[in-house]
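Q: mind looking at a prediction? Sequence and model below.
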Amino acid sequence: MYICWVSKQVNDKEIYFHVGLGKTGSTFLQYNVFPKLKGVHYIQRTRYKQAIDIIKRTKHQRYFVSNEFDQQLEEEVLRFSSVFPNTTPIIVFRRQDEWIASQYRRFIKNGHTFPFNEFIDLENDTGYFKIKDLQFYDMICLLQKHFTKPPLVLFYNDMKHQPKEFIDKIAKVMGATFDINSINLNPKHTSYNTKQLKAIKYMATKFDLRKRKTVSNVLLRYFNKLYYGIFRYTILYGAKIMPSNLFDEKPLINPLELEHVKKYFKEDWNCCLRYIA
């Protein structure tokens, strides 16, 4: 009887789950917007690993969980939906060419040196990101399959150009309220310019600047992160004041390659647009 009672109490709770993607304004939303929503218990991404337990053991009526997933999306959806299938998922998309370009710049900033055509390879699918990672409509279908509530699908450009309306869509679906005047609409992180990224990409060919995740000792991992972080950001901010004539005029990403990405995923993107029409 006790187990059945607990199960019923959990099932009566309303749960909303923002699943990402990365590079779609997630950090801005998680720190500037989501904590300002009233009428819902917000579980910040830093507590994501404890989210299921928090929902089970606390007594709020509405819960809002947020994290960002790219290649881990399916795994995390399966894990969360196996416990809370009656969740309303929320996902933000950015057109594939814009999204993969932003992902590439992030990886270069973090010390990687591969060319763009090895980051996403549309011919042989041997890149770091696979073709399936950019098939966004399949992600909508994944959310529909594993959650009983229809996903709320949003678009990054709407957030940039109409932030109040964008936030209002999220608030309305969960019955929350917000005061737009209390929300800082400035981006959480500013983008690095091409000059800065070229500088760190060059230096990364001389020194391994990539983030390390293999150090098991917590203290060593912290100092490792601090050391390489200082190294990377010194290069990035030093490059900002360097004369532009020290850098070649070649773009970081060939525009023709980005156009190829846009055309390749055009129908998939149109399917995403039709979903909300």
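A: That came through, no problem.

Q: show me what stretch 107-115 is in contact with.
A: Outside stretch 107-115, the residues that touch it by C-beta atoms under 8 Å, 6 or more residues apart in numbering are 119, 128, 192, 196-197, 200-201, 204-205, 208-211, 228, 232, 236, 252. To be clear about C-beta, it is placed using only N, CA and C from the backbone, and glycine gets the same treatment.

Q: distance across it, terminal residue to terminal residue?
A: 11 Å (C-alpha to C-alpha, to the nearest Å).

Q: mean confidence for it?
A: For stretch 107-115, mean pLDDT rounds to 92.

Q: one more: stretch 77-88?
A: Throughout stretch 77-88, pLDDT has a mean value of 97.

Q: would you mind writing the CA trace of it as CSV?
A: Presented in CSV, the C-alpha positions along stretch 77-88 are these (Å, rounded to 0.1, in the frame of the first residue of the first chain):
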residue,chain,number,x,y,z
VAL,A,77,15.7,10.8,-22.5
LEU,A,78,15.5,7.1,-22.1
ARG,A,79,16.8,7.3,-18.5
PHE,A,80,14.5,10.1,-17.4
SER,A,81,11.4,8.9,-19.2
SER,A,82,11.8,5.4,-17.7
VAL,A,83,11.0,7.1,-14.3
PHE,A,84,8.8,10.0,-15.3
PRO,A,85,7.1,9.3,-18.6
ASN,A,86,4.4,12.0,-18.0
THR,A,87,7.0,14.7,-18.4
THR,A,88,6.6,17.6,-20.9
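
Q: need the contact partners of that stretch.
A: Residues from elsewhere that reach stretch 77-88 (C-beta under 8 Å, 6+ apart): 10-11, 14-17, 19, 51-52, 55, 65, 89, 142-143, 146-152, 173-174.

Q: what subset of the residues you listed is buried?
A: Buried subset of these (neighbour count, 16 or more other C-beta atoms under 10 Å): 10, 14-17, 19, 51-52, 55, 65, 89, 142-143, 146-147, 149, 151-152, 174.
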